[in-house]
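Asker: Quick one, structure for this:
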Amino acid sequence: MKILITAGPTREPIDPVRYIGNRSSGLLGQALCVAAIAAGHQVTAILGPLHLAIATGVHRTDIETAEQMHAAVLSEFPKHDLLIMAAAVADFRPVRVTDHKLARTGKLLIECEATPDILSAAGRIKQPHQRTIGFSLESAGNIARSRQKLVQKNLDLIVYNPLNTLNSASIDAVLIWPDGREEPLPARSKADFATVLIGRAKALW
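Answerer: As a prediction, the model looks like this:
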């Protein structure tokens, strides 16, 4: 397969120095690239700001903001069979970005707006031969939210994972399919999980 993988956080600028971001390490995306290459697939990775080595043979595109990732995914997805959206894209970005460093004052109010929903956009252009896999980082036990996202974003598989996955070496996940099937995958290394997920992805056809 030709697999498109996103990984890492995004940074949404406030001024030339500061940004809104999150604690994503990109470790899961890194592990997915390794597992996909090991399984003999062709891999393109769209990566937020990371300081990680990516598997040899991966075509790598580096981005910084959610808007840049949105553009990169929509450009690359039509050339691929599968999109695995493992990136922790910032949900909000400042409405106004200043071109100078803001002075420290007693109070700073930042008005934000929602960033593009990249998975939903990919779901809208998905062709019959293509598949999409998403991740749903939720508070522990809120698996119903993951089921909703599966439908709303037109996914072929979604991974529910609790908040403690973020910036962790392990993942405790549940795989959810549109037909209602669920497969709990108790805590394991992200490398082991990635191997399982790449195998399940192959079966989506």
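Asker: Spell out the secondary structure type for residue 34.
Answerer: Secondary structure, DSSP: H, G, I helix; E, B strand; the rest coil: residue 34 is helix.
Asker: who's in contact with it?
Answerer: Shown in contact with residue 34 (C-beta atoms under 8 Å, 6 or more residues apart in numbering): 55, 191, 194. Just so you know, the C-beta spots here come from the backbone N, C-alpha and C atoms, and that holds for glycine as well.
Asker: hmm, try it at 10 Å
Answerer: The neighbourhood of residue 34, defined by C-beta atoms under 10 Å, 6 or more residues apart in numbering, consists of 43, 53-56, 58, 190-191, 194-195, 198.
Asker: Test for you: state the pLDDT assigned to the residue of the chain most remote from its centre.
Answerer: Of all residues in the chain, residue 106 has its C-alpha farthest from the mean position, at 35.7 Å, by C-alpha atoms, centre = their mean. pLDDT, residue 106: 85.
Asker: buried sites along stretch 126-142?
Answerer: In terms of neighbour count (16 or more other C-beta atoms under 10 Å), stretch 126-142 has its buried residues at 126, 130-138.
Asker: right, I mislabeled it, should have said stretch 106-116
Answerer: Buried residues in stretch 106-116, defined by neighbour count with 16+ other C-beta under 10 Å: 115-116.
Asker: First-to-last residue distance for that stretch?
Answerer: 32 Å (C-alpha to C-alpha, to the nearest Å).
Asker: Now do the contacts for residue 66.
Answerer: Counted by C-beta under 10 Å, 6+ apart, residue 66 has contacts 9-12, 20, 48, 87, 89-93, 114-118.
Asker: ok, now residue 49?
Answerer: Neighbouring residues of residue 49 by C-beta under 10 Å, 6+ apart: 8-11, 19, 21, 24, 26, 62-65.
Asker: in which helix or strand would I find it?
Answerer: Assessed by DSSP states H and E, residue 49 sits outside every helix and strand.
Asker: give me the low-pLDDT residue ranges for this protein?
Answerer: Within the chain, no stretch falls below the threshold (pLDDT under 70).
Asker: Okay, strands next: where are they in it?
Answerer: Here the chain has its strands, by DSSP state E, at 2-7, 12-13, 19-20, 42-47, 59-62, 82-85, 92-94, 112-114, 131-138, 157-162, 170-176, 182-189.
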